[in-house]
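Trainee: please work out how this folds:
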Amino acid sequence: MNLAPTDGTAHAATSRTAATPDATPRVLVSLATYNEAGNIAALITEIRRVAPQADILVIDDNSPDGTAAIVQELAGRASPGGPALRLLKRPGKLGLGTAILTAMRFAIDHCYDYLLNLDADFSHPPEAIPRLLAGMRRHDVMIGSRYVPGGGTRNWPLPRRIISRCVNWLVRFLFRTPARDSSGAYRCYRVALLRQMPLDRVLSRGYSFQQEVLFRCHKAGGRIGETPILFENRRVGASKVNWREALRSISMILYLGVRNWLGWEPRRQTRTATATTTAAVTATEPASRTVAATATATETETQNQPPTYAPAETTPPAPPAPTPAAPIPMPTPGGGSTA
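Mentor: Below is the predicted model:
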């Protein structure tokens, strides 16, 4: 894999720190691409218009249509010192699930506050980005949702609409995740939550990836919200829907759902040790100037208390206090012990 800095400067991962409570949160927008030459330039321009403060990471699976070259050309015109545009070139078509996992690890390693992912074909409207970011004031995951009031789909055939509705109903039944749209990829994640999640436990790489990640966010104590979007078929290029992969993903959903119902999935899933969890600090809410738009998100709250997150790797935790030694038994005149 080749990570090319495309903002004219070399950013050191270790020198970047997460935003303080009174600073503007650092946002990374991730785009997974394969043959998106007809969409990528216009999409990046639109993202820059609605979220000028955000860095953009394009993860390209060696598109034969020259998508990566277009991103590199746009990078060459970027203003030094402005928001970054980065390109991650992978050797082949590795799939959307692995691309999003790569973006999650990139956001963690570079100390971003939010990771926002959307499809690179304009099926996810970029104008919803401010609403997703505004919803992060009270949530840890915000979903651009087709299935809350005000949301919907456009130009979808009836079989696809029926399948999508059935899959989302099945996920709510098996996973108990408080979301109406669990299969969409248009989401914003709080990176502090991702940092605490056992990402190595994610089994899915195909279409079920979205449902499983949301399930594990919920298991980690994440607060989930939704804002309505109108999902439409891609503007340019051919659809990449793979029905064989869709069937395989339904099998994975059933497998994980049965494990959940049988209690084989831990109630609280984090990757921190007990000592670290004890020293955890409650994540602070971002400043009100995150975005100018007013949040009109339709919110779906979990019933759990807001989660706590361990601090990013800054200062090592203090060593535990020594345990007092047990009293030494004293002999008694009768040959017994006083302990």
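Trainee: what segments of the protein are helices?
Mentor: For the chain, helices defined by DSSP state H occupy the ranges 40-50, 67-76, 96-109, 129-135, 158-175, 191-196, 209-219, 243-261, 274-278.
Trainee: which of those helices sits closest to residue 184?
Mentor: Of all those, helix 209-219 sits nearest to residue 184, with 6.6 Å by CB to CB. All C-beta atoms are positioned from the backbone trio N, CA, C, and that covers glycine.
Trainee: what's the angle between the closest one and helix 158-175?
Mentor: For helix 209-219 against helix 158-175, the angle by axes from the mean of the first three to the mean of the last three CA atoms, to 10 degrees is 30 degrees.
Trainee: show the average pLDDT along helix 209-219.
Mentor: The average pLDDT for helix 209-219 rounds to 96.
Trainee: buried residues, stretch 202-210. List them.
Mentor: By 16 or more other CB atoms under 10 Å, the buried positions in stretch 202-210 come out as 202, 204-210.
Trainee: same check, this time on stretch 37-56
Mentor: Within stretch 37-56, the residues scored as buried using 16+ other CB under 10 Å are 37-40, 43-44, 47-48, 50-51, 54-56.
Trainee: list the contacts of it.
Mentor: Residues outside stretch 37-56 that contact it (CB atoms under 8 Å, 6 or more residues apart in numbering): 7, 24, 26-31, 33, 36, 58, 63, 65-67, 70-71, 74, 83-86, 112, 116, 120-122, 126-127, 129-130, 133, 234-237, 291.
Trainee: cutoff 6 Å now
Mentor: 27-29, 65-67, 70, 74, 83-85, 120-122, 126-127, 129-130, 236-237 (CB atoms under 6 Å, 6 or more residues apart in numbering).
Trainee: mind checking which of the residues you listed are buried?
Mentor: Buried by 16+ other CB under 10 Å: 27-29, 67, 70, 74, 83-85, 120-122, 126, 129-130, 237, out of those.
Trainee: and which of these is nearest residue 96?
Mentor: residue 120 (10.2 Å).
Trainee: how close does residue 41 sit to residue 71?
Mentor: If you measure residue 41 against residue 71 using CB to CB, to the nearest Å, the figure is 8 Å.
Trainee: identify the residues contacting the residue nearest the centre of the chain.
Mentor: By CA atoms, centre = their mean, the chain has its centre lying nearest to residue 189, at 4.0 Å. Residue 189 sits next to 115, 141 when contact means CB under 6 Å, 6+ apart.
Trainee: bridged to it, which residues?
Mentor: On the basis of DSSP bridges, residue 189 takes part in beta bridges with residue 115, residue 141.
Trainee: and it, how far from residue 145?
Mentor: Relative to residue 145, residue 189 is positioned 15 Å away (CB to CB).
Trainee: cool, residue 164 as well?
Mentor: Taken as CB to CB, the span from residue 164 to residue 145 is 12 Å.
Trainee: these two: which is more packed in?
Mentor: Applying other CB atoms under 10 Å to residue 164 and residue 145 shows that residue 145 carries more neighbours, namely 28 against 18.
Trainee: and the pLDDT for that one?
Mentor: Note for residue 145: predicted pLDDT of 98.
Trainee: ok, it - contacts?
Mentor: 151, 180-181, 226, 228.
Trainee: same deal with residue 141?
Mentor: Counting by CB under 6 Å, 6+ apart, residue 141 has contacts 189, 217, 222, 224.
Trainee: and the second one, what does it touch?
Mentor: Residue 217 makes contact with residue 141 under the criterion CB under 6 Å, 6+ apart.
Trainee: and if you look at the third one?
Mentor: Taking CB under 6 Å, 6+ apart as the criterion, residue 222 is in contact with 140-141, 193.
Trainee: which residue packs closest to it, ignoring adjacent ones?
Mentor: Spatially, and ignoring its direct neighbours in sequence, residue 222 is nearest to residue 140 (3.9 Å; CB to CB, 6 or more residues apart in numbering).
Trainee: how much space between residue 63 and residue 70?
Mentor: Distance from residue 63 to residue 70, by CB to CB: 9 Å.
Trainee: cool, residue 40 as well?
Mentor: Taken as CB to CB, the span from residue 40 to residue 70 is 6 Å.
Trainee: and for residue 132?
Mentor: Computed as CB to CB, the residue 132 to residue 70 distance reads 25 Å.
Trainee: could you do residue 117 as well?
Mentor: Separation of residue 117 from residue 70 (CB to CB) stands at 20 Å.
Trainee: now residue 151
Mentor: With distances taken as CB to CB, residue 151 is found 31 Å from residue 70.
Trainee: quick one: low-confidence ranges for the stretch 151-300 of the chain?
Mentor: Counting by pLDDT under 70, the stretch 151-300 of the chain has low-confidence residues at 235, 237-241, 269, 271-300.
Trainee: how about a cut-off of 50?
Mentor: Low-confidence segments of the stretch 151-300 of the chain (pLDDT under 50): 272-300.
Trainee: output the contacts of residue 222 as CSV; include the columns distance to residue 93.
Mentor: Shown next, in CSV, are the contacts of residue 222 (distance: CB to CB, whole Å):
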residue, distance to residue 93
140, 31
141, 27
193, 29
